[in-house]
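>>> Turn this into a structure:
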Amino acid sequence: MGKEESSRDKKLSTNKLTRRDTLKLFGTGTLAAAVPLLTGSSTADETKRVDVAIVGAGFAGSVVAAQMARNFGKKVLLIDRRNHVGGNAYDHYDCNGIMVHKYGPHIFHTNSRDVYEYLSKFTEWRPYEHRVLAKVDGTLVPVPINLDTVNKLYNLNLTTDEIEQYLESVSEKPEAIRTSEDVVVSRVGRDLYEKMFRGYTRKQWGLDPSELDASVTARIPVRTNRDDRYFTDTYQVMPKHGYTRLFENMLDHKNITVVLNTCYREIVKYVPYAQLVYTGPVDEFFDFRYGKLPYRSLEFRHETHDQPQLQPAAVINYPNEHAYTRVTEFKYLTGQVHHQTSVVYEYPRAEGDPYYPVPRPENAALYKKYEALAASRPEVHFVGRLATYKYYNMDQVVAQALTLCAKLSGATRGELVRKPPVLEPTAALRPTAN
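Below is the predicted model:
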């Protein structure tokens with residue numbers, strides 16, 4: 001473990017600062033003390049302006065930072081309130097030397113060639129097809145629902161041809177599909193809904209599926225074959241050396257300065273910038289003018305077990321028992337060989353870090369108000385989950401960030417990924433007053 005951690009530390013760029021670094025260098029607790037290192041002055045100095053200030057060092061912010069610095073030679077300041085880069089995808093070695101995902105499992109999958117090829121510049125991959133089981137009526141069954149799920153739960157021996165007829169016979173037909181409950185019962189019937197979906201959804205969201213928008217369950221597939229893969233995307237891989245290493249490689253550039261443990265408001269007022277890219281909560285950016293946008297949060301309880309394997313699959317869902325929703329065993333994801341194994345239990349919470357926007361009509365209407373405010377600030381680019389109040393997979397966030405870079409540069413997204421051009425910046429990238 002020590003050698004691996006030492007190697008990772010060496011990958012950190014020398015222009016990466018934390019609050020502790022600031023105190024060491026300047027002997028003061030004020031964030032203003034960090035400014036001389038960034039700008040050469042304790043007050044705003046137009047000759048030391050950065051081209052792009054970016055709030056948030058997750059996928060959205062880091063992709064934009066790397067593109068602007070590497071493709072266009074822009075000076076970038078990347079700020080994050082946490083003490084690490086990588087956002088919720090951050091991984092690290094625990095005290096037993098096992099790589100874990102601090103904020104729960106992050107499984108990379110995409111159908112986008114652009115996204116896969118872009119991230120491949122910063123990591124090697126290991127093939128990984130994710131599989132999930134659910135404990136229902138004392139039996140472990142595949143998720144999403146497939147032929148084996150139905151046969152095991154109901155002691156049947158249906159064939160691929162017969163299961164569609166079976167599901168049609170047990171399904172209900174609501175007058176209109178308005179809620180998550182409507183989606184599920186119209187596809188698999190009331191009993192499977194109760195066994196597989198209702199309890200899990202109530203724990204996850206703190207609401208009954210009948211109170212949630214149809215979008216929550218609309219994307220969950222039901223398969224009539226024995227395919228037990230959780231995803232069917234073209235590219236299903238995991239970063240060979242972890243997500244944190246991917247981010248470190250992406251941000252390791254002389255034009256990128258990373259400041260951690262810092263609220264962006266404490267530093268951007270001292271640093272002139274041409275453009276601001278914001279990936280944090282949009283309601284917070286506007287000081288909660290219309291009230292807080294509702295989110296669901298998660299609490300993670302990590303455990304290490306003195307055995308090489310604990311579960312028969314990477315993830316076990318518990319829709320109808322326990323306060324937690326699922327348990328993830330990380331060695332399936334990482335491929336690490338170790339005599340012990342680490343798992344994480346996920347407990348949904350109403351308060352805490354914002355993870356999942358709550359999909360209800362009144363929340364969508366509230367976001368529309370913030371979206372209008374964002375549109376009135378053309379010098380600020382809102383990108384990512386929190387800034388647009390939408391749940392995105394990792395590849396979708398990367399695609400959104402690449403699309404923003406294409407818009408700012410005048411190139412196509414494919415050009416930026418496969419053959420980075422030397423371009424004169426469009427007006428969007430030319431210095432403007434902040």
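>>> Can I get the longest strand along the chain as PDB, trimmed to CA atoms?
Criterion DSSP state E: the longest strand present in the chain is strand 295-305. Below are the C-alpha coordinates for strand 295-305, written out as PDB (Å, rounded to 0.1, in the frame of the first residue of the first chain):
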ATOM      1  CA  TYR A 295     -32.000  16.600  -2.900                       C
ATOM      2  CA  ARG A 296     -31.700  13.100  -1.400                       C
ATOM      3  CA  SER A 297     -28.400  12.400   0.300                       C
ATOM      4  CA  LEU A 298     -26.500   9.300   1.300                       C
ATOM      5  CA  GLU A 299     -24.500   8.100   4.400                       C
ATOM      6  CA  PHE A 300     -21.800   5.500   3.700                       C
ATOM      7  CA  ARG A 301     -20.600   3.000   6.300                       C
ATOM      8  CA  HIS A 302     -17.400   1.300   5.200                       C
ATOM      9  CA  GLU A 303     -16.300  -2.100   6.600                       C
ATOM     10  CA  THR A 304     -13.300  -4.400   6.000                       C
ATOM     11  CA  HIS A 305     -13.700  -8.100   6.500                       C
END
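>>> What ranges does the stretch 151-300 of the chain have for its helices?
160-170, 180-192, 199-205, 215-218, 243-251, 265-268, 282-285 (DSSP state H, counting those that start in this stretch).
>>> now these in JSON lines, with mean pLDDT?
JSON lines is the format used below for the helices of the stretch 151-300 of the chain (pLDDT from 0 to 100):
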{"stretch": "helix 160-170", "mean pLDDT": "95"}
{"stretch": "helix 180-192", "mean pLDDT": "96"}
{"stretch": "helix 199-205", "mean pLDDT": "97"}
{"stretch": "helix 215-218", "mean pLDDT": "87"}
{"stretch": "helix 243-251", "mean pLDDT": "97"}
{"stretch": "helix 265-268", "mean pLDDT": "88"}
{"stretch": "helix 282-285", "mean pLDDT": "98"}
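>>> would you turn the ones you listed into CSV with mean neighbour count and distance to A364?
From N, CA and C alone the C-beta is placed, and that goes for glycine too. Shown next, in CSV, are these (neighbours: other Cβ atoms under 10 Å; distance: least, Cβ to Cβ, whole Å):
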stretch, mean neighbour count, distance to A364
helix 160-170, 13, 31
helix 180-192, 21, 15
helix 199-205, 20, 15
helix 215-218, 17, 10
helix 243-251, 24, 30
helix 265-268, 17, 27
helix 282-285, 20, 13
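>>> in the stretch 301-434 of the chain, which spans are strands?
315-317, 326-329, 341-349, 356-357, 380-382 (DSSP state E, counting those that start in this stretch).
>>> Name the residues of the second one that are buried.
Taking 16 or more other Cβ atoms under 10 Å as the basis for neighbour counts, the residues of strand 326-329 that come out buried are 326-329.
>>> And those, which is closest to P357?
Distances from P357 to those, taken as Cβ to Cβ, are shortest for R326 (19.8 Å).
>>> wait, doesn't that closest one sit right on Y318?
Yes. Using Cβ atoms under 8 Å, R326 is in contact with Y318, at 6.5 Å.
>>> quick one, what contacts A57?
Contacts for A57 were tallied using Cβ atoms under 8 Å, 6 or more residues apart in numbering; they are 65, 78-80, 82, 84-87, 247, 251, 258, 260.
>>> Specify the local secondary structure of it.
Three-state assignment for A57 (DSSP: H, G, I helix; E, B strand; the rest coil): coil.
>>> measure it to T279 for me?
Here A57 is placed at a distance of 9 Å from T279 (Cβ to Cβ, to the nearest Å).
>>> Just give the nearest non-adjacent residue to T110, would you?
Excluding the flanking residues, the one nearest T110 by Cβ to Cβ, 6 or more residues apart in numbering is D395, at 3.5 Å.
>>> Would you confirm that the one you found contacts I107?
No. Counting by Cβ under 8 Å, D395 stays clear of I107, with 10.6 Å between them.
>>> one step back: got a list of what the residue nearest to T110 touches?
With Cβ under 8 Å, 6+ apart, D395 has these contacts: 108-110, 112, 115-116.
>>> Go again with 10 Å.
59, 108-112, 114-116, 119, 233, 235 (Cβ atoms under 10 Å, 6 or more residues apart in numbering).
>>> Can you convert those residues into a markdown table and add a column each for neighbour count, pLDDT and secondary structure?
Output for the contacts of D395, formatted as a markdown table (neighbours: other Cβ atoms under 10 Å; pLDDT from 0 to 100; DSSP: H, G, I helix; E, B strand; the rest coil):
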| residue | neighbour count | pLDDT | secondary structure |
| --- | --- | --- | --- |
| F59 | 32 | 98 | helix |
| F108 | 26 | 98 | coil |
| H109 | 21 | 98 | strand |
| T110 | 21 | 98 | strand |
| N111 | 12 | 98 | coil |
| S112 | 18 | 96 | coil |
| D114 | 20 | 94 | helix |
| V115 | 24 | 96 | helix |
| Y116 | 20 | 96 | helix |
| L119 | 24 | 96 | helix |
| D233 | 16 | 97 | coil |
| Y235 | 19 | 98 | strand |
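>>> picking up where we left off before, now the common contact residues for A57 and T279.
What both A57 and T279 touch, as defined by Cβ under 10 Å, 6+ apart, is the set 80, 87.
>>> Report pLDDT for the residue nearest to D94 when sequence neighbours are not counted.
Distances taken as Cβ to Cβ, 6+ apart place V100 nearest to D94, at 5.1 Å, with adjacent residues excluded. V100 carries a pLDDT value of 98.
>>> Surely V100 forms part of a strand?
Yes. Membership of V100 in a strand is supported by three-state DSSP.
>>> That one: neighbour count?
26 (other Cβ atoms under 10 Å).
>>> ok, V85 touching M250?
Yes. Assessed by Cβ atoms under 10 Å, V85 is found in contact with M250 at 8.7 Å.
>>> Which neighbours do these two have in common?
57, 62, 65.
>>> one step back: which of the contacts of A57 sits closest to F197?
Of the contacts of A57, the one sitting nearest to F197 (Cβ to Cβ) turns out to be G87, at 28.7 Å.
>>> Nearest residue to the closest one in space, please, no chain neighbours.
Nearest to G87 is G58, by Cβ to Cβ, 6+ apart, at 2.3 Å.
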